[in-house]
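Visitor: My questions concern the predicted model and sequence given below.
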Amino acid sequence: MIPGLEAYSLVLASSSPRRQELLTALKIPFEVRVIPIKEEFPKGLIKQEITDHLAVLKATPFKSTILPQEIIITADTIVWFEDQVLGKPKDKNDAIITLRNLSDKWHEVYTSICFTTPTEQHVVHAKTEVKMAFLSPDEIRFYVEHGNPLDKAGAYGIQEWIGLAGIEELRGSYTNVVGLPTQILYKTLRAMV
């Protein structure tokens, strides 16, 4: 537990079950409150500039309603591959194409976390380099049919079958690839309270 955190109410502004599970695993009490926004970013932003922008953007609707002892936590994760963002696939065919492109190659995963209080805002981010193993067409089809690629940036969840069978190497935070770099989140909360 983080000394002093009991004086605050933490609000996780995310409907992601993975982010909720990670925060729960840290034994940090929180409530979930989501205000949907249109996730757009200016052209010309790259890598963590994109996730920083979107994490702050997700906090914007809370600024007028935040209570004195609340800390709003927003986050955004992207996959960066060959100088472009890989978002969530549009459909199963798009997921197959994305995974075929990632097969046997390195890509980067960026997550930014924005901590918003009534008086301040902090943004931190993490980067993880991921090497996908070679995936055969049958393996890709198997994952797309039996996994959940459509709600994930880059069309895969590292905590699912494809992560167990298809991730060859990782440089950086595993939980960052899941969607919430827990060590930097914990460290930042400790510094804030």
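Guide: Thanks, I have the structure now.

Visitor: now the helices for this protein?
Guide: 17-25, 47-59, 92-102, 137-146, 161-166, 174-178, 182-192 (DSSP state H).

Visitor: Residue 5 is nearest to which of those helices?
Guide: Nearest to residue 5 among the helices of the chain is helix 182-192 (6.5 Å), distances taken as C-beta to C-beta. C-beta here means a position set from N, CA and C on the backbone, and glycine is covered the same way.

Visitor: Please spell out which residues along the closest one are buried.
Guide: Within helix 182-192, the residues scored as buried using 16 or more other C-beta atoms under 10 Å are 182, 184, 185, 188, 189.

Visitor: Could I get the residues you listed in JSON lines, plus columns for distance to residue 173 and pLDDT?
Guide: What follows is the buried residues of helix 182-192, written out as JSON lines (distance: C-beta to C-beta, whole Å; pLDDT from 0 to 100):
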{"residue": "182", "distance to residue 173": "8", "pLDDT": "98"}
{"residue": "184", "distance to residue 173": "8", "pLDDT": "98"}
{"residue": "185", "distance to residue 173": "10", "pLDDT": "98"}
{"residue": "188", "distance to residue 173": "14", "pLDDT": "98"}
{"residue": "189", "distance to residue 173": "16", "pLDDT": "97"}
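
Visitor: Can you tell me which of these is closest to residue 152?
Guide: Within the buried residues of helix 182-192, proximity to residue 152 (C-beta to C-beta) peaks at residue 182, which comes in at 17.9 Å.

Visitor: about what we covered before: most tightly packed of the helices of the chain?
Guide: Of the helices of the chain, the one with the most neighbours on average (mean count of other C-beta atoms under 10 Å) is helix 174-178, at a mean of 23.

Visitor: Quick one: low-confidence residue ranges for the protein.
Guide: Within the chain, no stretch has pLDDT under 70.

Visitor: Tell me which residues touch residue 61, please.
Guide: 35, 37 (C-beta atoms under 8 Å, 6 or more residues apart in numbering).
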